[in-house]
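Engineer: build me a model from this:
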Amino acid sequence: MAIAFCTLTFFIDPRHIPALRRLIGESIFTHLAILLYVFTIGISVLWSAAPLLSVITTVKYALIYLASLGVAAMIRVRPAQFSATLAYVFIPLGACVFFIYACFVFRAEGKSFPVELTAAVKSRSLNQITHQVFKPLLMQQEEDGGAPQKGNVVVKNNFAGAMFLLFCGCRLGASFGPRRFWLQWLRPVRLFTMLALVACITLLGSRSGLLTIALCLFLAAFIKAGQGVKGAFGVMLGLGVLGIVSFGVLLMNSDSDVLTGVQELSLGRFDDVSDDGRWDNFRQSVEAVQHNFPLGAGAGVKLPSGLKVHNNFLGGAFEAGLMGFLTIAAVYFLLLRDIISSLLRRCQFAAPMTSAEIWAFLAVLLPMFHCVLSGDSGRFTYAEWMCFALFWGFHGNRQYDKDTRCPRNLGIRSPHVAAFSLHEPHDQIS
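Structural biologist: As a prediction, this is how the structure comes out:
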């Protein structure tokens with residue numbers, strides 16, 4: 001549904017096609033490497049033990065990549081409209097869709113999600129909320145008696161990545177706010193959504209998500225604090241809101257259930273890093289790569305243990321052999337080069353970056369960090385490649401005009417954004 005919507009939106013406006021050509025031309029070698037990797041795993045169907053699964057995986061990767069390109073092109077054409085609509089409309093709607101999905105998941109187990117959620121909230125215990133609501137919904141569970149694990153309803157890392165992406169999407173809206181009086185209520189909705197997303201990332205217990213969101217918030221505060229009094233005031237306001245929310249959470253329950261629940265699924269996740277099964281997964285992956293060298297086992301094929309490889313580079317080598325490893329390594333090397341070169345080029349100009357530009361840079365921290373330690377949902381995931389779409393849309397290897405300090409061929413003002421205004425001067429938006 002998302003890909004169909006992006007495709008329809010892309011072809012409605014003819015300006016998206018020239019924007020897509022410019023976007024690809026700015027990072028031609030990166031996109032050639034991505035296409036070569038997709039082609040490499042595509043031909044692995046010839047020797048794959050599960051050819052149908054390999055075909056499905058290849059098509060999935062191709063669609064995710066094309067969708068990210070389409071979203072990036074739409075950002076290039078309408079950055080203000082995209083950011084405002086995403087932050088104030090689509091993300092709250094996404095929360096509603098997730099609620100409906102959760103109802104279906106609990107119904108399949110003979111439970112009612114609203115009833116379970118209401119009972120947990122009435123208990124005022126974060127520990128009970130975590131174990132009775134989030135843990136059954138987002139994590140694997142084992143049957144009684146040592147039976148095999150249930151079907152994985154929701155991949156925890158996928159949802160942590162999605163929460164991080166949605167948080168970045170909400171932050172994009174800081175540069176574009178509702179101007180009409182009857183839309184002012186969207187501001188607290190956006191703020192509440194961001195707080196809820198941070199809470200979800202914390203309760204999901206994803207170590208990559210926790211580290212990434214903490215690093216992004218620190219870097220964003222550091223950058224904004226260096227942009228004058230307004231930026232420093234914004235950082236102080238954010239710290240004040242965070243302090244009030246933290247104090248309210250601590251007072252939500254008089255006993256230690258709140259602190260215990262938070263510690264168990266957030267900070268407590270870092271206590272057993274050395275005993276994590278990820279290291280055994282890496283060992284099994286290396287053995288499987290050696291066994292299937294040099295062609296690989298085929299796209300989408302799992303390890304003998306039934307798990308997927310938790311590393312994109314080992315995963316590429318396991319699925320498509322030597323060529324898979326070389327192409328996936330080239331993809332991330334070129335992406336890293338594009339990020340660094342774009343950041344250095346942007347730093348050559350004195351104009352401060354807007355919130356949209358800052359978070360378009362920070363969004364790529366998740367996929368670049370996750371490619372080494374995760375990958376259990378495949379090499380391409382929607383959340384990670386939409387982070388790359390934000391980077392391509394707002395930055396990429398775009399050439400900047402030294403006189404105006406703005407990127408070339410980018411129109412910010414749009415007649416379709418009448419309900420939203422820019423908080424920063426026009427020459428600071430890129």
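Engineer: the lengthiest helix in the chain: which residues count as buried?
Structural biologist: Counting by DSSP state H, the longest helix found in the chain is helix 312-347. Using 16 or more other Cβ atoms under 10 Å as the burial criterion, the residues of helix 312-347 that qualify are 312-321, 323-332, 334-335, 338-339, 342, 346. For the C-beta atoms, the positions are set from N, CA and C on the backbone; glycine is no exception.
Engineer: got it, and stretch 188-200?
Structural biologist: 189-190, 193-194, 196-200.
Engineer: which residue ranges form the strands in the stretch 51-200 of the chain?
Structural biologist: Assigned by DSSP state E, counting those that start in this stretch, the strands in the stretch 51-200 of the chain fall at 176-178.
Engineer: where does it dip in pLDDT?
Structural biologist: 121-131, 135, 138-157, 177-183 (pLDDT under 70).
Engineer: quick one: average pLDDT of the longest helix of the chain?
Structural biologist: Per-residue pLDDT over helix 312-347 has a mean of 88.
Engineer: packing partners for it?
Structural biologist: Contact analysis of helix 312-347 by 3 or more Cβ pairs under 8 Å, 6 or more residues apart in numbering; DSSP states H and E lists helix 28-43, helix 277-291, helix 355-362, helix 365-373, helix 382-394 as its packing neighbours.
Engineer: closest one to Val71 among those helices?
Structural biologist: Closest approach to Val71 among the helices and strands packed on helix 312-347 (Cβ to Cβ): helix 382-394, 4.2 Å.
Engineer: average pLDDT across the closest one?
Structural biologist: Here the average pLDDT along helix 382-394 is 88.
Engineer: any residues touching that helix, and which ones?
Structural biologist: 2, 23, 27, 64-65, 67-69, 71-76, 79, 82, 158, 161-162, 164-165, 168-169, 172, 335, 338-339, 342, 356-357, 359-361, 363-364, 366-367, 370-371, 430 (Cβ atoms under 8 Å, 6 or more residues apart in numbering).
Engineer: could you redo the last one with a cut-off of 7 Å?
Structural biologist: With Cβ atoms under 7 Å, 6 or more residues apart in numbering as the test, helix 382-394 has contacts from 23, 64-65, 68, 71-72, 75-76, 79, 158, 161-162, 165, 168, 335, 339, 356-357, 360-361, 363-364, 366-367, 370, 430.
Engineer: ok, now stretch 295-314?
Structural biologist: So stretch 295-314 is in contact with 41, 44-45, 47-50, 53-54, 56-58, 278, 281-282, 284-286, 288-289, 315, 317-321, 324-325, 328-329, 371-376, 379, going by Cβ under 7 Å, 6+ apart.
Engineer: show the end-to-end separation of it, please.
Structural biologist: 13 Å (Cα to Cα, to the nearest Å).
Engineer: tell me the buried residues in it?
Structural biologist: 295-301, 303, 308-314.
Engineer: rebuild the buried residues of stretch 188-200 as TSV, extending it with distance to Glu109.
Structural biologist: Formatted as TSV, the buried residues of stretch 188-200 follow (distance: Cβ to Cβ, whole Å):
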residue	distance to Glu109
Val189	31
Arg190	33
Thr193	27
Met194	30
Ala196	24
Leu197	25
Val198	28
Ala199	24
Cys200	21
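Engineer: out of these, list just those in helices.
Structural biologist: Among these, the members falling in helices (DSSP H) are 189-190, 193-194, 196-200.
Engineer: and of these, the nearest to Lys224?
Structural biologist: Ranked by distance to Lys224 (Cβ to Cβ), these are led by Met194 at 15.2 Å.
Engineer: pretty sure the closest one sits against Gly169.
Structural biologist: No - Met194 lies out of contact with Gly169 (Cβ atoms under 7 Å); the separation is 9.7 Å.
Engineer: so how far is Ser206 from Tyr65?
Structural biologist: Going from Tyr65 to Ser206 by Cβ to Cβ, to the nearest Å gives 24 Å.
Engineer: more neighbours, those two?
Structural biologist: Ser206 (27 against 19; other Cβ atoms under 10 Å).
Engineer: any idea how far the residue nearest to the more buried one when sequence neighbours are not counted is from Arg346?
Structural biologist: Of all residues not flanking Ser206 in the chain, Ala160 sits nearest, at 3.4 Å (Cβ to Cβ, 6 or more residues apart in numbering). As judged by Cβ to Cβ, Ala160 and Arg346 stand 28 Å apart.
Engineer: now do Phe176
Structural biologist: With Cβ to Cβ as the criterion, Phe176 and Arg346 are 20 Å apart.
Engineer: also Phe5?
Structural biologist: Taking Cβ to Cβ, one finds Phe5 at 31 Å from Arg346.
Engineer: pull out the buried members of the contacts of stretch 295-314.
Structural biologist: Judged by 16+ other Cβ under 10 Å, buried ones among the contacts of stretch 295-314: 41, 44-45, 48, 50, 53-54, 57-58, 281, 284-285, 288-289, 315, 317-321, 324-325, 328-329, 371, 373-376, 379.
Engineer: could I get the helices and strands packed on helix 312-347 in a markdown table, plus columns for distance to Ala95?
Structural biologist: Formatted as a markdown table, the helices and strands packed on helix 312-347 follow (distance: least, Cβ to Cβ, whole Å):
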| stretch | distance to Ala95 |
| --- | --- |
| helix 28-43 | 31 |
| helix 277-291 | 30 |
| helix 355-362 | 19 |
| helix 365-373 | 20 |
| helix 382-394 | 15 |
